[in-house]
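**Student:** The amino acid sequence is not available; the structure is as follows:
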């Protein structure tokens, strides 16, 4: 939960001449377990300094989100409050969009109330599928109401009266970028790869300030190194990590495209000759995509295999990243998303293995090595583990690495990047008037 010194903001007056411009920000928000929520939280204090900021939460999530920001210098409202205020010609909209279902509520607003869009994932195939499912559900609504004598099926309605959604869909590439580009009044992407792919998807939509759609490539931020945690030892003990262990870490949500099976096989091969190795999957499981716990039980029936931590807060994850000797930040397929985990892993000072596709090669560090996607993936991962065991760094060397990475990260901190974001917000406002 965030805490602010300012008094709690109540209902804001309508925008008046000379007042700061009101900025409606649509985004997943805490306590949602979503990287997009973690991303936007870092910019909220700066946005609140420059704008009359209103966070627009999905229907049914407003109260929980507001409770995360006691005394904040901004307001948290839900979709209904936003719509009740429209039209509001003196206000601007800002959308924080990625490839997950938590963003589906934004799409109709984006097309009705165009604004600046931060596109975190270029291929929004899963978001597209969720949106289609919602559209299908809404299309069935009138038919079901009529057939049931105006009684809505209970399992189709949430407690707040909104339609539930259960897409249950696997990843299927289906680009939405063209529709987003059409409606956007400004666009922000994080990498050269993402920009090239976005332009390809929106090939017939003129982009750039000269076409009244300013576009900026602003990298994902890198947070400064976390201060030493007072309970680091207890956290490591909780997950069975001892001082002499060689820790291999797979950080982040354990989704189906994180190449979890390949890591398991490489580890099982390596630990036969190196008993000090321990593998920890540091994140929340997504068993509908890949049941990592079940697979571990199959491969290590005696219970002496890798462990899965479950959901971790940022502090716990930083403790593990700071202890890890080798982190695997893998993804295949990859569709232009930018990994916030990759720079965080590097900040820990340990070695990091990632893929050589998508935007991942654009983040450079001597601590990173790349593996090629293909039939030799397991062999490459195994080789990276063997290389680590053959040349474990000394504590002093690791501390020096952390210092170098901290200096490098300073130019990518949220505060360093924010002036460019503010400039883009203002450009998008000017072209929309």
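**Tutor:** Here it is on my side, so go on. Everything numeric in this text was worked out from a predicted model, so none of it was measured.
**Student:** what domains does the record give for the chain?
**Tutor:** The chain is divided into the following domains under automatic domain parsing: 22-124+175-221+413-432, 232-410.
**Student:** Mean pLDDT added to those, as a markdown table?
**Tutor:** A markdown table is the format used below for those (pLDDT from 0 to 100):
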| stretch | mean pLDDT |
| --- | --- |
| domain 22-124+175-221+413-432 | 92 |
| domain 232-410 | 91 |
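**Student:** Dump those domains to a markdown table, plus mean neighbour count.
**Tutor:** All C-beta atoms are positioned from the backbone trio N, CA, C, and that covers glycine. Written out in a markdown table, the entries for the domains of the chain read as follows (neighbours: other C-beta atoms under 10 Å):
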| stretch | mean neighbour count |
| --- | --- |
| domain 22-124+175-221+413-432 | 19 |
| domain 232-410 | 18 |
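**Student:** which residues in this protein form strands?
**Tutor:** Shown for the chain, the strands assigned by DSSP state E span residues 22-26, 52-57, 75-78, 91-97, 116-119, 186-189, 215-217, 246-251, 277-282, 307-308, 326-329, 351-355, 368-371.
**Student:** how about those, which one is nearest residue 293?
**Tutor:** Distances from residue 293 to each of those were compared by C-beta to C-beta, and the smallest falls on strand 307-308, at 5.5 Å.
**Student:** Show me what that closest one is packed against.
**Tutor:** strand 277-282, helix 292-299 (3 or more C-beta pairs under 8 Å, 6 or more residues apart in numbering; DSSP states H and E).
**Student:** before we move on, back to that, any chance of TSV for the strands of the chain, columns distance to residue 382?
**Tutor:** Below are the strands of the chain laid out as TSV (distance: least, C-beta to C-beta, whole Å):
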stretch	distance to residue 382
strand 22-26	44
strand 52-57	45
strand 75-78	48
strand 91-97	38
strand 116-119	36
strand 186-189	35
strand 215-217	36
strand 246-251	11
strand 277-282	11
strand 307-308	20
strand 326-329	12
strand 351-355	11
strand 368-371	11
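**Student:** out of those strands, which comes closest to residue 264?
**Tutor:** Evaluated over the strands of the chain, closeness to residue 264 peaks at strand 277-282, with 7.8 Å, by C-beta to C-beta.
**Student:** Am I right that residue 432 is in contact with residue 93?
**Tutor:** No - counting by C-beta atoms under 8 Å, no contact exists between residue 432 and residue 93, whose distance comes to 9.2 Å.
**Student:** okay, and the common contacts of those two?
**Tutor:** Taking C-beta atoms under 8 Å, 6 or more residues apart in numbering as the contact criterion, the residues that touch both residue 432 and residue 93 are 114, 115.
**Student:** Report the separation between the residue nearest to residue 268 when sequence neighbours are not counted and residue 267.
**Tutor:** Spatial nearest neighbour of residue 268, excluding adjacent residues (C-beta to C-beta, 6 or more residues apart in numbering): residue 299 at 6.1 Å. From residue 299 across to residue 267, the span is 9 Å (C-beta to C-beta, to the nearest Å).
**Student:** can I get the helices and strands packed on strand 307-308 in TSV with distance to residue 238?
**Tutor:** Formatted as TSV, the helices and strands packed on strand 307-308 follow (distance: least, C-beta to C-beta, whole Å):
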stretch	distance to residue 238
strand 277-282	11
helix 292-299	17
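**Student:** Relative to residue 306, which of those is closest?
**Tutor:** Among these, strand 277-282 sits nearest to residue 306 (C-beta to C-beta), with 3.8 Å.
**Student:** and the angle from the closest one to helix 292-299?
**Tutor:** What separates the directions of strand 277-282 and helix 292-299 is an angle of 150 degrees, with axes from the mean of the first three to the mean of the last three C-alpha atoms, to 10 degrees.
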